[in-house]
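Asks: Predicted model follows, preceded by the sequence.
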Amino acid sequence: QAPIKATCEDLSCKTGFPEDVHSAVVSRSVRGGQPLLNVRFQSCDENKKIHFGSSEPEDFRVGEDGVVYAERSFQLSAEPTEFVVSAQDKDTQEEWQMRVKLTAEPGFTGPSEKDQKKIEDIVFPWQQYKESSPLKRQKRDWVIPPINLPENSRGPFPQELVRIRSDRDKSLSLRYSVTGPGADQPPTGIFIINPISGQLSVTKPLDREQIASFHLRAHAVDVNGNQVENPIDIVINVIDMNDNRPEFLHQVWNGTVPEGSKPGTYVMTVTAIDADDPNAQNGMLRYRILSQAPSTPSPNMFTINNETGDIITVAAGLDREKVQQYTLIIQATDMEGNPTYGLSNTATAVITVTDVNDNPPEFTSMTFFGEVPENRVEVIVANLTVTDKDQPHTPAWNAMYRMTGGDPTGRFTILTDPNSNDGLVTVVKPIDFETNRMFVLTVAAENQVPLAKGIQHSPQSTATLSITVIDVNESPYFVPNPKLIRQEEGLLAGSMLTTFTAQDPDRFMQQTSLRYSKLSDPANWLKIDPVNGQITTTAVLDRESIYVQNNMYNATFLASDNGIPPMSGTGTLQIYLLDINDNAPQVNPKEATTCETLQPNAINITAVDPDIDPNAGPFAFELPDTPASIKRNWTIGRISGDHAQLSLRIRFLEAGIYDVPIVITDSGNPHASSTSVLKVKVCQCDINGDCTDVDRIVGAGLGTGAIIAILLCIIILLILVLMFVVWMKRRDKERQAKQLLIDPEDDVRDNILKYDEEGGGEEDQDYDLSQLQQPDTVEPDAIKPVGIRRLDERPIHAEPQYPVRSAAPHPGDIGDFINEGLKAADNDPTAPPYDSLLVFDYEGSGSTAGSLSSLNSSSSGGEQDYDYLNDWGPRFKKLADMYGGGDD
């Protein structure tokens, strides 16, 4: 590439644009924010504030430094793009305009050396200012146009791009440098500049897909580092090359289309992307269908929009029942589909033909048959089968059945089996063979969804169903059931009550007469004749029985036939019992209490009669004539129909218990009366009328239950006393036995000593003395037979854990230590006596143990001085007398 040199020329000062029309050549693909060119504007007054504007602000923006930027990304057309750049003085509002014409580059490769020589050098004009010296011109700014560099260049590297110079290098020694991403910022080292000559170079191939453009800034300083020129922006655009194949977003695309769809029906969209510039031919993709499988009914059932990738149908005849799925091979090619220069890639599109209801269900037969036993419900009578070519288990395949005739009473219903799609005819109401022996039904079947439009079939199919009713043995039934009769109570046993018969509904079966039996008779009052059903009484009917509720007595009877299988039916007989005056009234309560004085002494009583009106109240109350003391001491008066009041007739009656007979008569016809005895307890009362000597009266009149309770308490108390006496006697015996074992004079208890006890002689014992001479051969106690062990032998138990006394215990702990030791000794099963009184035997003659007379003490006891024992206290004085008192 030829270097571009920024020069300075002498111009006469005239404010405004130097030209009316400015032409520039830029890349066809313009990105938003990309600098395009630098407009030249000459101002003779450096204090003027110039504002730049664009007639197309949505596409182009002019910076304060005169650089024109693209506001958005777009593609330049083949025709030149024109817009107006304006400059306005902010103070005087004076305005200047210049028309800019942009032309797209003819090719997509890097510019040749010849073209580079044609790149226009756009330089800011000189500004004129006054000093004491004559007028001088000074360069305000310098800019070079964007540099276009193709990606994937093969070099050689470093490859020169442009040479940057300043007019001041003639008088000064300058140093050039560049900054920005790609130079001194990551990725560093891509662009370098010769600090002396200002030659800018690239060091390696560029990749547009990684970085599409580089924005660098060039600097010019003197040898002292002083800036001599304002920094200049350098834009390096990486020109795209067709180095990437199109890539589909998915290798397999899935779509659906309803069967029977018309041509032009949208199916799906496939999409591919290209990493190359989408605004250039390298990234412009085109789609096409390479193949279709299967190729029926037409090899071109689908087409694809070559730009958008939309797949649509182009032929009719999609039928899921014939072809359920199509597989298309889709190709995407860049370079606008150029087969020679474009790169391509393929993907698979799987199109599933979905089902629509284009086939109605059809019965497999025009006539179906079934049978059902009479009186049976919820049973399947027949299976209606249909065929449907649509996809199974979809609304277009699922069948719905309905009856169109032959069942006016709604005895049948048809359910659909979800697995087989069959119609299950079910009985929902019982059928009587004697009434209907056969049904002829008309049934229809149709899908859950209506048929698709344009289908020339009937939406439903019809068939005939003949159902035969089978006669079965039915249960007899009583008429009426229940049967209610009214009867006075008191009917004697053996009386005929009524006849309760049943009927057999099986009129067309040859059966004998029915047999009757009793099923339920709570009071056992009735019996039934097994042949004619005549019911007679076996006991007196009593309305006041506990089995009668609300005057009603219920009994259940059974009627059975001799059919196959035998059947039976039940019937309930309800007897409404009418009351007769068969119960005399009684007094309530049976006992009462009153004071021995005249006032207050009233007793309220009530008459109770199990009968009901008119055989109950009102009642008449009176006292009998005998004995004469009754009317002399008592008087009675009626309060109401059921209540009366008994009171003393005399002023004073001695305390005690009195039996007062009372005659009560009801209102029945004829009347019924009884004499009830009221037990009256007369007692002394206080001013409030409360008895004060209740204990005496109660003691005189205790009932049987109270007496039994008192006797039981007395017996329990005697047993407790007896047990206590026995326990005391046993305790005294144990205490006396302990005193016999210890001599009171020799009772020394300062220390508790534990000794083992010697057993009896060997002659009267059944064990081998040789074992004593060979202790190693002694059998373990664990395997010694139980019968060999002596009664006074020490039992086998673990040694108890006696408490250990500390070396210097606290005085307050001594009592606790002694108590703990005593508890341990009491609970020690190994301490003597082991079982009971120890048993000792005598050695006798001929002992194999030898004589013990040869055992002598090492020193004679007489040689010892035991007088010091007298100093130990009265308890050791006995020992001193025994051992230190000489021969005595």
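Replies: Cool, got the structure.

Asks: I'd like the distance between Lys262 and Val443.
Replies: To Val443, Lys262 is 36 Å away according to C-beta to C-beta, to the nearest Å. All C-beta atoms are positioned from the backbone trio N, CA, C, and that covers glycine.

Asks: which of the two has more neighbours?
Replies: Val443 (24 against 10; other C-beta atoms under 10 Å).

Asks: beta partners for that one?
Replies: Counting by DSSP bridges, Val443 is bridged to Met403, Ala463.

Asks: how about the strands of the stretch 451-600 of the chain, start to end?
Replies: Taking DSSP state E, counting those that start in this stretch as the criterion, the stretch 451-600 of the chain carries its strands at 460-470, 477-478, 483-488, 496-499, 502-503, 515-520, 526-528, 534-537, 552-560, 568-578, 586-588, 591-595.

Asks: okay, these in JSON lines with mean pLDDT and distance to Ala70 next?
Replies: Output for those, formatted as JSON lines (pLDDT from 0 to 100; distance: least, C-beta to C-beta, whole Å):
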{"stretch": "strand 460-470", "mean pLDDT": "89", "distance to Ala70": "69"}
{"stretch": "strand 477-478", "mean pLDDT": "86", "distance to Ala70": "103"}
{"stretch": "strand 483-488", "mean pLDDT": "89", "distance to Ala70": "109"}
{"stretch": "strand 496-499", "mean pLDDT": "90", "distance to Ala70": "117"}
{"stretch": "strand 502-503", "mean pLDDT": "84", "distance to Ala70": "108"}
{"stretch": "strand 515-520", "mean pLDDT": "90", "distance to Ala70": "107"}
{"stretch": "strand 526-528", "mean pLDDT": "92", "distance to Ala70": "116"}
{"stretch": "strand 534-537", "mean pLDDT": "91", "distance to Ala70": "117"}
{"stretch": "strand 552-560", "mean pLDDT": "92", "distance to Ala70": "106"}
{"stretch": "strand 568-578", "mean pLDDT": "90", "distance to Ala70": "104"}
{"stretch": "strand 586-588", "mean pLDDT": "86", "distance to Ala70": "120"}
{"stretch": "strand 591-595", "mean pLDDT": "86", "distance to Ala70": "124"}
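
Asks: a markdown table for the ones you listed, including mean neighbour count and distance to Asn152?
Replies: As requested, the strands of the stretch 451-600 of the chain are arranged in a markdown table below (neighbours: other C-beta atoms under 10 Å; distance: least, C-beta to C-beta, whole Å):
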| stretch | mean neighbour count | distance to Asn152 |
| --- | --- | --- |
| strand 460-470 | 18 | 71 |
| strand 477-478 | 18 | 105 |
| strand 483-488 | 13 | 113 |
| strand 496-499 | 14 | 120 |
| strand 502-503 | 18 | 109 |
| strand 515-520 | 16 | 108 |
| strand 526-528 | 21 | 117 |
| strand 534-537 | 18 | 119 |
| strand 552-560 | 20 | 108 |
| strand 568-578 | 18 | 104 |
| strand 586-588 | 17 | 125 |
| strand 591-595 | 18 | 129 |
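
Asks: Including distance to Asp659, could these go into CSV?
Replies: Formatted as CSV, these follow (distance: least, C-beta to C-beta, whole Å):
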stretch, distance to Asp659
strand 460-470, 79
strand 477-478, 56
strand 483-488, 37
strand 496-499, 44
strand 502-503, 59
strand 515-520, 46
strand 526-528, 43
strand 534-537, 40
strand 552-560, 38
strand 568-578, 36
strand 586-588, 12
strand 591-595, 10
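
Asks: Please list all residues in contact with Thr572.
Replies: Residues near Thr572 by C-beta atoms under 8 Å, 6 or more residues apart in numbering: Asn481, Pro482, Lys483, Asn554, Ala555, Thr556, Phe557.

Asks: Just the closest of these to Ile636, please.
Replies: Nearest to Ile636 among these is Asn554, at 42.6 Å by C-beta to C-beta.

Asks: Return the set of residues that bridge with that closest one.
Replies: Gln574.

Asks: which residues sit in contact with Met552?
Replies: Here Met552 is in contact with Gln574, Ile575, Tyr576, Leu577 (C-beta under 8 Å, 6+ apart).

Asks: and if we set it to 6 Å?
Replies: Met552 sits next to Gln574, Tyr576 when contact means C-beta atoms under 6 Å, 6 or more residues apart in numbering.

Asks: before we move on, what about Val62?
Replies: Here Val62 is in contact with Phe52, Ser54, Val68, Val85 (criterion: C-beta under 6 Å, 6+ apart).

Asks: Quick one, grab the pLDDT at it.
Replies: Val62 is assigned 88 on the pLDDT scale.

Asks: How about it, nearest residue that isn't a chain neighbour?
Replies: Nearest residue to Val62, sequence neighbours excluded (C-beta to C-beta, 6 or more residues apart in numbering): Phe52, at 3.8 Å.

Asks: contact partners of the helix or strand where that neighbour lies?
Replies: Applying DSSP states H and E as the criterion places Phe52 in strand 50-54. For strand 50-54, the surrounding residues in contact (C-beta under 6 Å, 6+ apart) are Phe60, Val62, Ser86, Ala87, Gln88, Lys90.

Asks: gap between the second one and Phe17?
Replies: Right, Val62. For Val62 relative to Phe17 (C-beta to C-beta), the value is 12 Å.

Asks: do the last one as well
Replies: If you measure Lys90 against Phe17 using C-beta to C-beta, the figure is 17 Å.

Asks: Those two: who's more crowded?
Replies: Legend: neighbour count by other C-beta under 10 Å for Lys90 and Phe17, higher for Phe17 (19 against 10).

Asks: contacting residues for the closest residue to Asp277 other than its chain neighbours?
Replies: Of all residues not flanking Asp277 in the chain, Asp240 sits nearest, at 3.8 Å (C-beta to C-beta, 6+ apart). Going by C-beta under 6 Å, 6+ apart, Asp240 touches Arg208, Asp276, Asp277, Ala280, Asn282.

Asks: Thanks a lot, see you next time.
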